[in-house]
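1. this one's sequence-less:
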């Protein structure tokens, strides 16, 4: 047999009043506590020069660089709480990432932190700073960092909605020498973005240039490019027909 | 002569090797493994290399401290129990005591390095494990002999350990100190005092081991010629060890013992 409940109105008034007051107190306290904890967030300090960290590393520069990167990665966890990335000063963060890159050369860790961890911020300006960092540091070792630049290009397009930056990064990838061991899809980004920008002629020229060179040997890749070429040529033709109608 | 030295070495070694030493080694290894596992949880990429390098460095500093403490305490005990006076009444030359201590140091360092070799071979493969064990053995030899010199001269364990650690850190931080002094010269517009300090420190650096005398932790991250790196370290350590042995002998022969 289901037990029935008495209506709320039948409860003693002082009990209801006390309940409402305590609920309000809990909400106010939680709100104030949240602000209090957020005020306890300690921001990043400016990093010293790379030479100082190298000196402090006692000869283990690579390890020291990685330990600094892990320390930085844990920065948003303070007083037993995870703080929002929007609280972090991204200029200082980029300085730290630069410094770690200089200390342990040949490491992918700072680029990975920028592209996978700190890019999850909701603030477009902060995201832009991380993308700038990735683009700047890509030239240090394109072979090591092409994945990060490709990710950054995708983020610039989809998350930031800035096609100019996305195209610039994609162009940087496409212009890498054939000796760089990188899958063709990374080089194809540029013409795909150009097509999205309705710059079909540029995209077609690019694909034709790619097909004429020896850079694309893979039959599947050639088939993909030829398919895209026909597709873009069709679109271009259709777009040129529309005004005549 | 040789058999006397070997007998003295065996006698001194018996005073060092104990069950407590093995227990301490086991605890240190376990602590290093646990710390490494914690770090592995945090690392996003290159976790294996980071953990290997971290465990190797952690064990390096633990072993340096352990070797220093053991050598210093053993010689300090000889001072306290008037062992030197007893030894010198026997038909033994003073150099034989130093030679026996050198053998003790070599064996003790080997004993400390063996578990590190096993652990690093598991973490990073036999080649890196071999390199790290041999490089660490050379580093431990160097620091332990420095400790022997310090305890023979200063006769007190804390003083000897602090002195040896100070030299060790000075050698390891020489790059940073040189940088600070160069910066100080620049900021003071080349003042005579700053320049003098820089010169004095430059002269001191000639008397401390150079950075090439220590095991290179960067081998865990980059492919390097391990044999060439080890050979460089060997020559650097060999020269410094001979220099330290000479200083030990000079100091020990100058000592007066009251019979």
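-> Sure, I can see it. In this text the structure is predicted, and so the values were computed from the model without any measurement.

2. who's in contact with residue 127?
-> Since no chain was named, I'll use chain A. For residue A:127, the contact set (CB atoms under 8 Å, 6 or more residues apart in numbering or on different chains) comprises A:119, A:121, A:155, A:159-160. C-beta here means a position set from N, CA and C on the backbone, and glycine is covered the same way.

3. chain B was what I was after
-> residue B:226.

4. repeat that for residue B:109.
-> Residue B:109 sits next to B:67, B:137, B:140-141, B:144 when contact means CB under 8 Å, 6+ apart.

5. closest one of those to residue A:24?
-> Taking CB to CB as the measure, residue A:24 lies nearest residue B:67 of the contacts of residue B:109, at 65.4 Å.

6. chain center to the helix or strand hosting the closest one: distance?
-> Assigned by DSSP states H and E, residue B:67 belongs to helix B:47-80. Centroid separation between helix B:47-80 and its chain, computed with CA atoms, centre = their mean, to the nearest Å, is 8 Å.

7. buried residues, that helix. List them.
-> Residues B:49-60, B:62-68, B:70-76, B:78-79 are the ones in helix B:47-80 that count as buried (16 or more other CB atoms under 10 Å in any protein chain shown).

8. show me where chain A has its helices.
-> A:13-39, A:50-56, A:61-73, A:90-103, A:109-112, A:124-138, A:142-158, A:163-174, A:184-196, A:200-212, A:219-241 (DSSP state H).

9. point to the residue nearest the middle of chain A.
-> By CA atoms, centre = their mean, the mean C-alpha position of chain A lies nearest to residue A:119, the distance being 3.3 Å.

10. excluding its backbone neighbours, what's nearest it?
-> Closest residue to residue A:119 apart from its sequence neighbours, by CB to CB, 6 or more residues apart in numbering or on different chains: residue A:130 at 5.0 Å.

11. so, low pLDDT: which residues of chain A?
-> Confidence mapping of chain A against pLDDT under 70 gives the ranges A:1-3, A:34, A:37-38, A:198, A:213-216, A:242-245.

12. around chain A, which positions in chain B sit nearby?
-> B:39, B:42-46, B:50, B:53-54, B:57, B:169, B:172-173, B:175-177, B:179, B:211, B:214, B:216-218, B:220-222 (CB under 8 Å from any CB of the partner chain).

13. now whatever residue of chain A ends up closest to chain B: closest residue in space that isn't a chain neighbour?
-> Using CB to the nearest CB, the closest approach of chain A to chain B is made by residue A:55 at 2.6 Å. Closest residue to residue A:55 apart from its sequence neighbours, by CB to CB, 6+ apart: residue B:176 at 2.6 Å.

14. surely the one you found meets residue A:56?
-> Yes - counting by CB atoms under 8 Å, residue B:176 does reach residue A:56; the two are 6.2 Å apart.

15. run through chain B and note the low-pLDDT ranges.
-> Scanning chain B for pLDDT under 70 picks out B:258-259.

16. and the residue of it nearest chain A?
-> Closest to chain A within chain B is residue B:176: 2.6 Å, counting by CB to the nearest CB.

17. for that residue, grab phi and psi.
-> Main-chain torsions, residue B:176, degrees, to the nearest 10: phi -70, psi -40.

18. need the contact list for it.
-> Here residue B:176 is in contact with A:52, A:54-56 (CB under 8 Å, 6+ apart).

19. try it again with 10 Å
-> A:51-58 (CB atoms under 10 Å, 6 or more residues apart in numbering or on different chains).

20. just the buried ones from those?
-> Listed as buried from those are A:52-58; burial here means 16+ other CB under 10 Å.

21. where does chain A come near chain B, residue by residue?
-> A:49, A:51-67, A:69-71, A:73-74, A:104-109, A:111-113, A:116-117 (CB under 10 Å from any CB of the partner chain).

22. so which residue of chain B lies furthest out from the middle?
-> What lies farthest from the middle of chain B is residue B:189; by CA atoms, centre = their mean that is 38.8 Å.

23. need the three-state assignment for that one.
-> Put simply, residue B:189 is coil when judged by DSSP: H, G, I helix; E, B strand; the rest coil.

24. quick check on it: phi, psi?
-> Dihedral angles of residue B:189 (phi, psi; degrees, to the nearest 10) stand at phi 50, psi 40.

25. residue A:83 too?
-> Torsion angles at residue A:83 (phi, psi; degrees, to the nearest 10) stand at phi -90, psi 150.

26. please apply the same query to residue B:124.
-> Here is the backbone geometry of residue B:124 (degrees, to the nearest 10): phi -130, psi 0.

27. helices along chain B, start to end?
-> Under DSSP H, chain B gives helices at B:2-16, B:19-42, B:47-80, B:83-89, B:94-124, B:126-154, B:157-172, B:174-187, B:192-205, B:226-254.

28. okay, these, which one's buried deepest?
-> helix B:126-154 (a mean of 23; mean count of other CB atoms under 10 Å in any protein chain shown).

29. chain center to that helix: distance?
-> Distance, stretch centre to chain centre, for helix B:126-154: 4 Å (CA atoms, centre = their mean).

30. contacting residues for residue A:201?
-> A:194, A:232-233, A:236.
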